[in-house]
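Q: here is the input, now give the coordinates:
(one chain, ligands or ions: 1)
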Amino acid sequence: MSSLSPASQLILKHLSDNIDKHTLIVDPLEVQDINHPSFAECTLWSFREISATQDKQVIWPQTPEFSQFTKIIVFFPKAKEKAVWLLSMLAQHSSKDTLIYLVGENRSGIKTCQKLLTNQLSNLQKLASGKHCLLYQGLPNGNSPLPTDFVFKNYEIEQKSIKVASLPGVFSHGELDKGTELLLNNLPENISGKILDFACGCGVIGSFIRKYYTDTQLSFCDIDALAIEATKQTLNCNNLAGQTYLSNGLQKISSKYHYIFTNPPFHTGLKIDYYISEAFIKACGKQLESSGKLYLVANRFLKYPQILQNHFDLVEVIAEDNKFKLYCAYNR
Ligand SMILES: C[S@@+](CC[C@H](N)C(=O)[O-])C[C@H]1O[C@@H](n2cnc3c(N)ncnc32)[C@H](O)[C@@H]1O
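A: Numbers count the residues shown, from 1 in each chain. Below you'll find the predicted structure:
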């Protein structure tokens with residue numbers, strides 16, 4: 001039980017007798033939770049490509065048949081717009097007596113759910129708390145407003161003449177991240193060939209490169225289906241073409257690249273976690289051409305220099321400011 005996230009531990013403490021094949025689990029943050037035997041019979045509806053051992057995984061934009069479930073457990077999304085959209089959809093499509101549970105760490109903002117979801121859920125009550133998490137139970141509100149389609153937030157990075165389309169919950173929703181900006185301001189003079197934008201978010205790095213370095217073919221990957229959707233839309237808005245992959249790390253990537261650019265993830269859910277980036281940096285060797293280069297921007301306090309030096313012959317700091325550093329790593 002201790003390998004489970006605190007939110008899942010709270011669920012099992014209070015709901016374990018109720019979890020069965022009629023239970024739908026929505027978007028858990030921790031991969032190990034899904035593979036726990038207690039959830040083996042459940043169906044998982046996920047917004048991320050995760051390596052779940054359980055075979056009943058449905059990834060958005062596909063949807064399961066909601067009405068077949070008597071219990072739906074939602075891991076409360078940090079992005080409030082995503083929470084409202086998700087619960088509107090569940091309220092519309094599930095049966096009126098389906099029990100809907102919301103679970104999340106206090107710092108996910110779950111405390112706001114009773115105010116936030118008055119239109120979507122009725123009788124929403126706190127069921128339990130513990131391990132810095134809260135568990136709520138409610139019923140779908142039959143009169144819930146129809147879920148609107150996910151609304152893209154479009155913005156333009158004026159000094160770079162690039163349009164960006166983003167979705168709630170996708171990194172730097174609605175504004176350019178300062179680390180990403182440092183990378184875009186310090187790109188090499190000549191870039192050509194096959195390029196990968198790893199952990200692309202809404203695809204801003206790769207789209208910028210495709211637009212200004214015309215002799216390039218771009219691929220984008222991210223674990224988050226919403227990020228991939230936003231990337232496709234960003235490409236569309238700028239009349240650009242690129243290949244997109246929904247992929248956990250580099251698992252779905254088979255080509256070799258001349259350059260990989262990234263502002264990599266360093267959180268799993270809400271906590272700092274180098275595991276994904278370390279695994280990515282280690283696997284980069286296989287995905288780069290022999291003369292290929294990795295450009296990685298990160299918060300300067302994160303311990304990337306050591307990780308990069310473990311896997312590349314040469315690591316240079318190309319640019320830095322008071323918050324971020326841009327590294328270039330390659331082999332001799
Ligand atoms: C710091 S954001 C950078 C987004 C974008 N490149 C930018 O600069 O705005 C990191 C991205 O990593 C993605 N991510 C997290 N875990 C991942 C994984 N295991 N494999 C691939 N992408 C992942 C997140 O969904 C997020 O979009």
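
Q: and whatever residue of the stretch 201-332 of the chain ends up closest to the ligand, how far from Leu10?
A: Nearest to the ligand, among the residues of the stretch 201-332 of the chain, is Gly201, at 2.6 Å (CB to the nearest ligand atom). For glycine as for every other residue, the C-beta is placed from the backbone atoms N, C-alpha and C. Distance from Gly201 to Leu10, counting by CB to CB, to the nearest Å: 30 Å.

Q: of these two, who's got more company?
A: Gly201 (28 against 23; other CB atoms under 10 Å).

Q: you'd agree the more buried one is in a strand?
A: No - Gly201: not assigned to a strand; according to DSSP: H, G, I helix; E, B strand; the rest coil it is coil.

Q: that one and Gly169 touch, don't they?
A: No - in terms of CB atoms under 8 Å, Gly201 does not count as a neighbour of Gly169; the distance is 10.5 Å.

Q: for stretch 217-237, what is the average pLDDT?
A: The pLDDT scores in stretch 217-237 average 97.

Q: got it, and stretch 286-305?
A: Mean predicted lDDT for stretch 286-305 stands at 94.

Q: now do it: distance to the chain's middle.
A: A distance of 20 Å separates the centroid of the chain from that of stretch 286-305, by CA atoms, centre = their mean, to the nearest Å.

Q: close to the ligand, is it?
A: No - using CB under 6 Å from any ligand atom, stretch 286-305 never reaches the ligand; the gap is at least 7.8 Å.

Q: between the two ends of that stretch, how far is it?
A: With CA to CA, to the nearest Å as the measure, the ends of stretch 286-305 fall 20 Å from one another.

Q: show me the contacts for the residue nearest the centre of the chain.
A: Nearest to the geometric centre of the chain sits Asp224, at 3.9 Å (CA atoms, centre = their mean). Asp224 makes contact with Phe47, Arg48, Gly169, Val170, according to CB atoms under 8 Å, 6 or more residues apart in numbering.

Q: the second one touches Asp27, doesn't it?
A: Yes - between Arg48 and Asp27 a contact is recorded at 7.5 Å, counting by CB under 8 Å.

Q: look up how far Thr63 lies from Leu102.
A: Spatial separation of Leu102 from Thr63 under the definition CB to CB is 19 Å.

Q: neighbour count winner among the two?
A: Neighbours per residue (other CB under 10 Å) separate Leu102 from Thr63, with Leu102 holding more: 27 against 12.

Q: need phi/psi at Lys115.
A: When read as degrees, to the nearest 10, the backbone of Lys115 gives phi -80, psi -40.

Q: okay, the closest residue to Gly292 other than its chain neighbours: pLDDT?
A: Nearest-residue entry for Gly292: His258, 5.3 Å, with adjacent residues in sequence omitted and distances by CB to CB, 6 or more residues apart in numbering. Looking at His258, its pLDDT reads 98.

Q: one more: the one 4 residues further on?
A: Looking at Thr262, its pLDDT is 98.
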